[in-house]
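Undergrad: for reference, the sequence and a predicted model appear below.
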Amino acid sequence: MNIILLGGTVSKRLKTQNDLKVLCNKSYVYHSKDNLKNSAWLNSTKALVICGDFKEPTEHILNEFKTKSNGIIFEATDGTCILSQVKELSLNLADGNKLVSKYYGCFYHNTGVRARSEDVQMTADGNLIHLDEYYFYGESFDFETYFEKLKTHRIGQNIYHFNTISSTMNFFNDKNEWQNRIVLADIQDQGKGRKDNQWISPKGSISVSFGFSFDLNLDHPAAVQHLIGLSICKVLRSMTSSNKIKLKWPNDIYWENSSKLGGLLVKSSILGSTMVICCGAGLNLSNQKPLPGIEILTGSKISREVFLAEVLNHLETKLYQLKDGSWRDDYYSVWCHKNDFVTTEEGAGKLIGLDLDGFLLVEMEDGRRVRFDTDNNSFDLMQGLISRK
């Protein structure tokens, strides 16, 4: 297949070409051009990689290539061509339809006899589609190390890795299997957090979602998000030897009581007597912005592969604690709140802990005990304010 590297300087196109040859796992014929008008290769080209400004009117020539040649267009204008920074260029085409972005990755699954891997391609809304012949994926995740460290019986046994994705949570829709799937990306370009807030996920952060299930006889399934947060916090503390990594109710990971390191987003469905969970987690790891990551703050090096495996190991062995709430002893040892006085819509009071469902318990000044659920309330740590979302 022909690929044209278009625009920018000759040296920038050459560097992009060399980087692509290393990162792409298939053979392509590359052509370097500063314009397309006289290119003999255009009719047989299926992909353009835009390396910078070029001579023709940009929107016109790109739309013509997309509509007439049914081609695909990638952007690598910074010249580094790190694969996770090469993304499909969205355009508003002449017919008014916006180009649907596609993301390229690898699915690695443990069949019980041996591990198998296969290329995958996904749309922005999380649907797996037939592979294109132009396929851009660079393996930046060590699957072998991950499975070597993973000791679970079920959780995390099937993993998808993408260099770039819209949101790892988008995979967990009505069309895809949730249970024991994990979706990881180097970069998210449409990540979201609680209350639909944007979650910025640059390179160096961790963006991951995973699905699993458990029997509803565990009695208090709503507390599972706290058990996940506890697993993340415990593993990070172990890997960094730092007790400054803490939990803020209901679902945030904090550095001391001041800087947010990451957070969780959990959704669920019930199938008979089974609850199926999807948890999305984002963590600042080695990135400097938008906030310094855990590696920068602790001076530690954290392997994503080992971190994810150990979190899932810890979680699976602790799920039984949902039944009796014994997870709370460990939770109190790492949370930000110790007998804090807070202000609520019910009045002022003192935090006294969590109930079996993970709801916040506050002893009001008049002696009443009020519980605040996780779905409808948020906690402003700086102001000591519990408010309805």
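TA: Cool, the structure landed. Numbering: from 1, shown residues only.

Undergrad: what packs against the strand ranked longest in the chain?
TA: Using DSSP state E, we find that the single longest strand of the chain is strand 259-271. Packing partners of strand 259-271 (3 or more CB pairs under 8 Å, 6 or more residues apart in numbering; DSSP states H and E): helix 224-240, strand 252-255, strand 274-283, helix 294-298. C-beta coordinates here come from the backbone N, C-alpha and C atoms, glycine included.

Undergrad: swap in 10 Å and give it another go.
TA: Applying 3 or more CB pairs under 10 Å, 6 or more residues apart in numbering; DSSP states H and E, one finds that strand 259-271 contacts strand 206-215, helix 224-240, strand 245-248, strand 252-255, strand 274-283, helix 294-298.

Undergrad: direction included, what does that strand pair against?
TA: Strand 259-271 pairs in its sheet with strand 252-255 (antiparallel), strand 274-283 (antiparallel), by DSSP bridges.

Undergrad: pull the CA atoms of the helix or strand containing residue 146 into PDB?
TA: Here residue 146 sits within helix 143-149, counting by DSSP states H and E. The C-alpha atoms that make up helix 143-149 are tabulated as PDB, following Å, rounded to 0.1, in the frame of the first residue of the first chain:
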ATOM      1  CA  PHE A 143       1.700  -8.200  27.500                       C
ATOM      2  CA  GLU A 144       4.100 -10.900  28.600                       C
ATOM      3  CA  THR A 145       5.100  -9.000  31.800                       C
ATOM      4  CA  TYR A 146       1.400  -8.200  32.500                       C
ATOM      5  CA  PHE A 147       0.300 -11.900  32.300                       C
ATOM      6  CA  GLU A 148       3.400 -13.100  34.200                       C
ATOM      7  CA  LYS A 149       2.400 -10.900  37.200                       C
END
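
Undergrad: the helix or strand just after that helix packs against which elements?
TA: As assigned by DSSP H and E, the chain's next helix or strand after helix 143-149 is strand 158-165. Identification of packing neighbours for strand 158-165 by 3+ CB pairs under 10 Å, 6+ apart yields strand 87-88, strand 102-110, strand 115-123, helix 143-149, strand 181-188, strand 206-215, helix 304-318.

Undergrad: ok, which of the ones you listed comes nearest residue 357?
TA: Minimum separation from residue 357 across those (CB to CB) falls at strand 206-215, 14.9 Å.

Undergrad: in the closest one, what counts as buried?
TA: For strand 206-215, burial by neighbour count (16 or more other CB atoms under 10 Å) applies to 206-214.

Undergrad: for it, C-alpha coordinates in CSV please.
TA: In CSV, the C-alpha atoms belonging to strand 206-215 read as follows (Å, rounded to 0.1, in the frame of the first residue of the first chain):
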residue,chain,number,x,y,z
ILE,A,206,-2.8,5.6,32.8
SER,A,207,-6.2,5.4,31.2
VAL,A,208,-7.8,2.0,31.8
SER,A,209,-11.3,0.4,32.2
PHE,A,210,-12.0,-3.1,33.2
GLY,A,211,-15.1,-5.3,33.7
PHE,A,212,-15.8,-8.1,36.1
SER,A,213,-18.7,-9.7,37.9
PHE,A,214,-19.6,-11.1,41.3
ASP,A,215,-22.5,-12.7,43.0
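
Undergrad: direction included, what does that strand pair up with?
TA: Using DSSP bridges, the strands paired with strand 206-215 are strand 181-188 (antiparallel), strand 274-283 (antiparallel).

Undergrad: circling back: pLDDT and distance to residue 16 added to the buried residues of strand 206-215, as TSV?
TA: Listed next are these as TSV, based on pLDDT from 0 to 100; distance: CB to CB, whole Å:
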residue	pLDDT	distance to residue 16
206	93	27
207	93	25
208	96	29
209	96	31
210	97	34
211	96	37
212	95	40
213	92	44
214	89	47
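
Undergrad: got the residues you listed as CSV, with distance to residue 232 columns?
TA: Shown next, in CSV, are the buried residues of strand 206-215 (distance: CB to CB, whole Å):
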residue, distance to residue 232
206, 10
207, 14
208, 10
209, 13
210, 12
211, 16
212, 15
213, 20
214, 18
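
Undergrad: follow-up on the earlier one: ok, which of the strands paired with strand 206-215 comes nearest residue 222?
TA: When the strands paired with strand 206-215 are compared by CB to CB, strand 274-283 sits nearest residue 222, at 9.7 Å.

Undergrad: what is the mean pLDDT for the closest one?
TA: Averaging pLDDT along strand 274-283 yields 93.

Undergrad: and the angle from that strand to helix 304-318?
TA: Per axes from the mean of the first three to the mean of the last three CA atoms, to 10 degrees, the angle that strand 274-283 makes with helix 304-318 is 150 degrees.
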